[in-house]
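**Q** Pasting the sequence and the predicted model now:
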Amino acid sequence: MRLIVATRNRDKLKEIKTLLKDLPLKVISLNNFSSAPEVRENGRTLESNAIKKAVQISKFLKTLAVADDSGLEIEALGNKPGVYSARFSGKGATYKSNNEKVLRLLQDIPLSKRKACFRCVIAVADKGKLIGAAEGKIKGRITQRPLGNTGFGYDPIFIPNGYKKTFAQLGINRKNKISHRSKALVKAKKVIEEYVLTF
Ligand code: ITT
């Protein structure tokens with residue numbers, strides 16, 4: 001049985017593939033299916049977007065699929081960028097321009113008030129039918145400047161609680177042990193394993 005990872009983000013894909021490697025399924029990237037539709041992420045929650053992506057892609061490819069919608073909530077910004085994390089700095093946004101915008105908006109905010117939370121929702125669907133969804137989160141704070149060069153997205157400006165280094169400084173192995181994505185995938189894997197057992 002094959003499992004499609006319904007993301008076009010290569011950085012997320014890499015983490016998801018690593019975290020799913022013990023599943024007895026052939027994990028395949030959406031990048032192998034150029035004809036697959038572009039799913040419009042117009043939901044107001046991470047959950048609704050993840051479900052939409054998993055359901056539409058699994059229906060189109062007539063197979064089992066997982067989708068990830070994730071984002072960074074910053075308390076001092078009223079929990080923004082949240083569901084809008086990918087395009088926070090507008091059309092043509094890059095990881096760098098998004099990080100710069102966050103740091104600019106927080107420039108007068110002291111370290112004690114730079115609380116943030118990374119959230120990830122993983123949805124699982126088969127041939128257009130939703131099987132389940134799971135959420136993972138990790139709390140932390142935003143740095144005053146980007147630090148480290150591993151990972152992606154907001155990793156250089158996020159320090160998880162209990163650590164002194166950003167995700168980008170900790171490195172991918174340590175990030176994968178504690179991240180929002182790994183917590184969501186631990187739960188999602190149980191959903192997949194139970195579902196696969198019914199065959
Ligand atoms: P798909 O919809 O194709 O999966 P995307 O990049 O558009 O890819 P999202 O809408 O879920 O994905 O946007 C999430 C954004 O949040 C992502 O582009 C990063 O900027 C950021 N992000 C998510 N998880 C992250 C992580 O583990 N570390 C750093 N930044 C992350």
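**A** Okay, I see it.

**Q** and residue 122, what element?
**A** Under the criterion of DSSP states H and E, residue 122 resides in strand 115-126.

**Q** likewise residue 194?
**A** helix 180-197.

**Q** Name the residue closest to the centre of this structure, please.
**A** residue 70 (3.7 Å; Cα atoms, centre = their mean).

**Q** follow-up on the earlier one: and the helix holding residue 194, what does it pack onto?
**A** In terms of contacts (3 or more Cβ pairs under 8 Å, 6 or more residues apart in numbering; DSSP states H and E), helix 180-197 is packed against helix 10-19, strand 64-74, strand 115-126, strand 129-142. No exception for glycine: its C-beta is placed from N, CA and C like everyone else's.

**Q** possible to save these as JSON lines with mean pLDDT and distance to the ligand?
**A** Formatted as JSON lines, the helices and strands packed on helix 180-197 follow (pLDDT from 0 to 100; distance: least, Cβ to the nearest ligand atom, whole Å):
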{"stretch": "helix 10-19", "mean pLDDT": "96", "distance to the ligand": "5"}
{"stretch": "strand 64-74", "mean pLDDT": "98", "distance to the ligand": "4"}
{"stretch": "strand 115-126", "mean pLDDT": "98", "distance to the ligand": "6"}
{"stretch": "strand 129-142", "mean pLDDT": "98", "distance to the ligand": "9"}
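
**Q** and of those, who's closest to residue 103?
**A** Nearest to residue 103, of all the helices and strands packed on helix 180-197, is strand 129-142, at 7.7 Å by Cβ to Cβ.

**Q** What is the neighbour count of residue 185?
**A** 25 (other Cβ atoms under 10 Å).

**Q** and it, what is it in contact with?
**A** For residue 185, the contact set (Cβ atoms under 8 Å, 6 or more residues apart in numbering) comprises 16, 19-20, 122, 134, 136.

**Q** so which of these comes closest to residue 189?
**A** For the contacts of residue 185, the nearest to residue 189 is residue 20 (6.9 Å; Cβ to Cβ).

**Q** Am I right that that closest one is in contact with residue 4?
**A** No: taking contact to mean Cβ atoms under 8 Å, the distance of 11.5 Å between residue 20 and residue 4 leaves them out of contact.

**Q** of the two, who's got more company?
**A** Neighbours were counted for residue 20 and for residue 4 using other Cβ under 10 Å; residue 4 has more, 24 against 18.

**Q** Spell out the secondary structure type for the more buried one.
**A** strand (DSSP: H, G, I helix; E, B strand; the rest coil).

**Q** how many other residues sit next to the closest residue to it other than its chain neighbours?
**A** Spatially, and ignoring its direct neighbours in sequence, residue 4 is nearest to residue 65 (4.3 Å; Cβ to Cβ, 6 or more residues apart in numbering). For residue 65, the neighbour count with other Cβ under 10 Å is 28.
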